[in-house]
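**Q** A structural model of the following input is requested.
(one chain, ligands or ions: 1)
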Amino acid sequence: MKEILQDLSLPEVEALVAGMGEPKFRAGQLYRGLMRGARISDISELSKAFKAKLLEKFEDEPVRIAQVLTASDGTEKYLFALADGNIVEGVLMRYKYGNTQCVSTQVGCRMNCAFCASGLGGLVRDLTAGEILSQVLVVNARLGGTIDKRAVTNVVLMGSGEPLDNYDNTVRFLRSVTAPGGICISARNISLSTCGLVPRMHELAEEGIPLNLTVSLHSPSDEERARIMPVAKAYKIADILAACDHYFEKTGRRYIFEYSLIAGENDGKAHAEQLVSLLRGRPCHVNVIRLNEVKERGLQGVSEKDAYRFVGMLERGGLSATLRRTIGADIGGACGQLRAGYLKGASG
Ligand code: SAH
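**A** Coordinates of the predicted model:
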C-alpha cells in the first residue's frame, strides 16, 4: 500500500507541497479537494503533472464505498474497501437534527466481547487517521455535502474496532476531523466509545478534546462483566469510573454508559439495583440497548417491554437513562455483522 495523504494535517500538506517545489496556494487547493472527499486524480484545480507526482507516493482512493444498504427507516449501512482490499463498515443514521455517521477504527478487533461480531476474526490491522477520516469524507460527498455545508453533522466511533487500542491514529483523526479548513465537525458532535482501556482513557482526558466519552459497561460487577468482556479482567469498574471523573474534570462534559441487555446475563432486577448504587449522583447517562443478536455468538436479547422495564428501574433509582431506538435492524445493524456476512459470501 502507498502512503495516505489524508493522514496529513494542513501544515503537513503545506510542507509536502513546498518540498515538491509547488507554490503555497496549491497546498490549500489540494487540502480542500481532499476534504471535500475527492480523489487526488479528480481535483481539477491541480495540474496533471503535479497529480501524477503525488500519485507515485500516495493512494488515490484510500477508502472506496463498496456497497450501500438502505434500511426501511432510512439508515444506510456502508461497506468501505480500503486500498489493501480490507473491508470495514459504517452506518449513517438520519435524525431530525442532522446525520450521524458511525465509523470504524480497526479492521476487526482484539477485544473479543462475547456478544459482538467485530471480534469474531480477531484484529486484522489498525486503520490510519486518514482512513478513519476518509470514511466521513466520502459519505459526506455522496450525500451532496461540502466543507462549508456538511451533510454529515455528527460522528460516533462505534464501528468495528476499539478506538483507544489504536490510540495515536484515533487522536490524529479527532484533530483532523475537527480542524478548521477541513470538514470541521465540532468535538461536541463526536462520541468515542471504549470498552474501558483505563490508561488510555486518562491519556485522552489530558488531550482536552471536548467530545462525548462513552463507555461500554454492560454489567455492574467486575466478575460478571469479565464473563462477557475479556478486557474486564485487566481493568476494574472502579478504575473506569475514576477515569471518567478525570475526563469530566478536564472537559466538564458528562459521560455515557452503554448497557446492552442480554437475556439471563445482565438484565435482572438485581443488576438494575446494582447499577443504580454504582452510578447514582455521577454526571452520567445510561444508554440501554437491546442486544442485536449475532448468530455466531449464541446470546439472546430481551423484549422491548423488558428493556423498558429495566430503564424504568434505573430512572426510579435516580439515574438518567434511555432505551436506544433500534435502527437499521433489517440490514444487520450490529457492529461487524455486515462485514462478517460479506466475507462469508466472498469465501463462498
Ligand atoms: N470498541 C468500542 C466501540 C465499538 S462497539 C466499545 O467497545 O465501546 C459500539 C457499542 O456497541 C459498544 O457499546 C458495544 O459493546 C456494542 N455492541 C457490540 N455488539 C453489539 C450487539 N451485538 N448488540 C448490542 N450492542 C453491541
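
**Q** average pLDDT for stretch 297-313?
**A** The pLDDT scores in stretch 297-313 average 96.

**Q** just the CA trace of it, in PDB.
**A** Backbone C-alpha positions of stretch 297-313 (Å, rounded to 0.1, in the frame of the first residue of the first chain) are rendered in PDB as follows:
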ATOM      1  CA  ARG A 297     -22.300 -15.600  19.400                       C
ATOM      2  CA  GLY A 298     -25.400 -17.500  20.600                       C
ATOM      3  CA  LEU A 299     -26.600 -14.900  23.100                       C
ATOM      4  CA  GLN A 300     -30.200 -13.700  23.200                       C
ATOM      5  CA  GLY A 301     -31.700 -10.200  23.600                       C
ATOM      6  CA  VAL A 302     -34.700  -9.100  25.600                       C
ATOM      7  CA  SER A 303     -38.100  -8.000  24.600                       C
ATOM      8  CA  GLU A 304     -38.800  -4.300  24.100                       C
ATOM      9  CA  LYS A 305     -41.200  -4.500  27.100                       C
ATOM     10  CA  ASP A 306     -38.500  -5.900  29.400                       C
ATOM     11  CA  ALA A 307     -36.000  -3.300  28.100                       C
ATOM     12  CA  TYR A 308     -38.400  -0.500  29.100                       C
ATOM     13  CA  ARG A 309     -38.900  -2.200  32.500                       C
ATOM     14  CA  PHE A 310     -35.100  -2.200  33.000                       C
ATOM     15  CA  VAL A 311     -34.800   1.500  32.000                       C
ATOM     16  CA  GLY A 312     -37.800   2.300  34.400                       C
ATOM     17  CA  MET A 313     -35.900   0.700  37.300                       C
END
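
**Q** do any residues in it lie close to the ligand?
**A** No. With Cβ under 6 Å from any ligand atom as the criterion, the ligand is not reached by stretch 297-313; the gap is at least 7.2 Å. Every C-beta, even on glycine, is put in place using the N, C-alpha and C of the backbone.

**Q** contacting residues around that stretch?
**A** 114-117, 261-265, 267, 269, 271-273, 276, 288, 290-293, 321-323 (Cβ atoms under 8 Å, 6 or more residues apart in numbering).

**Q** return the members of those residues classed as buried.
**A** The neighbour count (16 or more other Cβ atoms under 10 Å) marks 114-117, 261-262, 265, 267, 271-272, 276, 288, 290-293, 321, 323 as buried among the contacts of stretch 297-313.
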